[in-house]
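Visitor: sharing a model that was predicted from the sequence below.
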Amino acid sequence: MTKNGLLRTTMYAGGTSPVKMLQGRFYDEDCLVYDLEDAVSTAEKDSARFLVYNAIKYQRPKDKYIAVRINGIYSAEIDEDLEAVVRAQPDAIRLPKVETADEVRLIDDKITAIEKKAGLPIGGIQLWGLIESYVGVVNAMEIASASPRLTCLGIGGEDLAVSLGGKRTKTGWELFYARNAVILACRSAGILAHDSAFADINDLEGLSHELEMTRTLGFDGKSCVHPKQIAMTNACFTPSQKEIRYAQRVIEALENASGVCILDGAMVDKPMEIRARNTLAKAKAAGLDVGGEW
């Protein structure tokens with residue numbers, strides 16, 4: 001688990017690259033994902049599975065949430081992936097291209113069977129579903145509540161844009177409805193929501209604009225495609241000192257009033273109190289000083 005309890009950033013490391021897998025330990029991402037899917041050619045699937053198993057089992061990074069992205073549900077590699085990965089015991093398995101709740105339940109059952117066979121704790125491994133098609137978007141509400149193992153839904157922006165018949169852009173309007181649908185599904189199920197990665201590693205201004213939208217919509221974190229994106233993404237999902245102080249003032253104002261009140265010329269009510277307490281909880285989880293008992 002992460003040192004601060006937050007899951008703001010995820011970074012992928014290809015399962016055939018010991019160098020990238022090792023380097024990933026030293027970046028400041030909250031979640032390190034070993035990839036058995038897109039980053040690995042068909043001829044290298046077996047060796048990648050072996051490397052990832054040993055990296056988790058014997059060289060597991062401390063203070064990071066460790067996940068493995070396995071191959072697709074209907075791929076030839078799915079069963080061998082699960083046999084190896086479940087025994088390695090990562091924090092989570094990332095399931096690509098999820099389209100139905102039944103698919104999540106199918107993988108849950110497969111994981112449980114392996115846990116029983118290997119004498120491992122039942123339910124110890126979480127699932128993260130990746131929504132990468134319009135079918136997954138349509139079924140997001142059912143997918144989000146399909147299994148107790150499922151603790152997060154993410155978006156695969158490139159594949160999703162292709163599925164929609166659209167074009168991936170930096171403004172992101174082609175994914176606007178999908179992002180909202182996933183957020184609603186996650187909030188309904190009480191699980192995390194993670195946004196798609198921003199592909200242009202050299203456009204930090206573009207990343208900043210997308211992060212603003214991502215956080216405003218309500219996402220809990222975002223994937224990164226390069227280490228240079230990590231610091232900005234972590235900062236986006238960590239309350240600033242200004243936000244912390246305002247949250248404290250909101251709570252203080254409401255505690256000294258009955259019902260709604262006015263703060264800095266604006267009305268403050270119960271929804272703003274909830275937002276303020278969420279802000280302070282995230283700040284505390286990040287190790288920031290929020291003072292008092294909020």
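Guide: Perfect, I can see it now. Numbers count the residues shown, from 1 in each chain.
Visitor: what are the buried residues along stretch 138-146?
Guide: For stretch 138-146, burial by neighbour count (16 or more other Cβ atoms under 10 Å) applies to 139-141, 143-146. C-betas here are computed from N, CA, C, even on glycine.
Visitor: tell me how far it is from the chain's mean position?
Guide: 16 Å (Cα atoms, centre = their mean, to the nearest Å).
Visitor: what is the end-to-end distance of it?
Guide: Counting by Cα to Cα, to the nearest Å, you get 14 Å between the two ends of stretch 138-146.
Visitor: what's next to it, contact-wise?
Guide: Outside stretch 138-146, the residues within contact range by Cβ atoms under 8 Å, 6 or more residues apart in numbering are 98-102, 104-105, 108, 129, 131, 136, 150, 153, 181-182, 184-186, 188-189, 191.
Visitor: quick one: the helices in the stretch 101-250 of the chain?
Guide: Using DSSP state H, counting those that start in this stretch, the helices found in the stretch 101-250 of the chain span residues 101-118, 134-138, 140-144, 157-164, 176-189, 204-217, 230-236, 241-255.
Visitor: go through the ones you listed and pick out the most buried.
Guide: Burial of the helices of the stretch 101-250 of the chain is given as mean neighbour count (mean count of other Cβ atoms under 10 Å); helix 140-144 ranks first at a mean of 22.
Visitor: contacts only, for the residue lying closest to P121 once chain neighbours are set aside.
Guide: Of all residues not flanking P121 in the chain, E115 sits nearest, at 6.9 Å (Cβ to Cβ, 6 or more residues apart in numbering). Going by Cβ under 8 Å, 6+ apart, E115 touches 86, 121-125.
Visitor: try V260
Guide: For V260, the contact set (Cβ under 8 Å, 6+ apart) comprises 267-269.
Visitor: what does I78 give?
Guide: I78 neighbours (Cβ under 8 Å, 6+ apart): 70-72.
Visitor: swap in Y177?
Guide: Taking Cβ under 8 Å, 6+ apart, one finds V137 in contact with Y177.
Visitor: go on, I251?
Guide: I251 neighbours (Cβ under 8 Å, 6+ apart): 273, 276-277, 280, 294.
Visitor: my read is that G123 contacts P148, right?
Guide: Yes. Between G123 and P148 there is a contact at 6.9 Å, judged by Cβ atoms under 8 Å.
Visitor: more crowded one of the two?
Guide: Higher neighbour count among G123 and P148: G123, with 13 against 10, using other Cβ atoms under 10 Å.
Visitor: ok, for the more buried one, nearest residue in space, not its chain neighbours?
Guide: Setting aside the residues directly before and after it, G123 is nearest to R149 in space (Cβ to Cβ, 6+ apart), at 6.5 Å.
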